[in-house]
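Student: Sharing a model prediction with you, sequence too.
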Amino acid sequence: MFDVGFWELAVIFVVGLLVLGPERLPKVARQLGQWAGRARQMARVLSTQLQDEMNAVDPRRIMDPPSSPPTYPRPGVDDLRPHAVEEPAAGQSDHATPGNAAPP
């Protein structure tokens, strides 16, 4: 990940030894190791949760249209809904209206 080799680690150790001293260096190294372990664990948990969420989504639900028309919770939206066009019954012509029956 960081591509740190042996010599880079040796230089970091020597600088840490000079700055912190031999008493505090092991404590700081242990604390840094614990923080790195916690960060790895949190990243692993986050990755697992994201993977579980992606697997939980049913692709058919995304691809298939809804079985019922959507509901509109705001008043006045009923005017915006598309109204179904009724098919003429058998025996009726297209220009016949309910008040004007077609001649027999």
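Tutor: That came through fine. Residues are numbered from 1 along each chain as shown.
Student: and the longest helix along the chain, average pLDDT?
Tutor: As far as residue count goes, and with DSSP state H defining each element, the longest helix of the chain is helix 6-56. Along helix 6-56, the predicted confidence averages to a pLDDT of 89.
Student: ok, residue 6 to residue 12 distance?
Tutor: Residue 6 is 11 Å from residue 12, where distance means C-beta to C-beta, to the nearest Å. Every C-beta, even on glycine, is put in place using the N, C-alpha and C of the backbone.
Student: Counting neighbours, go ahead and name the busier of the two.
Tutor: Regarding residue 6 and residue 12, a neighbour count based on other C-beta atoms under 10 Å identifies residue 12 as having more, with 11 against 7.
Student: quick one: that one and residue 27, what's the gap?
Tutor: For residue 12, the distance to residue 27 under the criterion C-beta to C-beta works out to 16 Å.
Student: again with residue 34
Tutor: Using C-beta to C-beta, we find residue 34 at a distance of 11 Å from residue 27.
Student: before we move on, what about residue 14?
Tutor: When C-beta to C-beta is the yardstick, residue 14 and residue 27 sit 18 Å from each other.
Student: Same question for residue 41.
Tutor: Relative to residue 27, residue 41 is positioned 21 Å away (C-beta to C-beta).
Student: just residue 44 next, same as before
Tutor: Taking C-beta to C-beta, one finds residue 44 at 26 Å from residue 27.
Student: Many thanks, have a good one.
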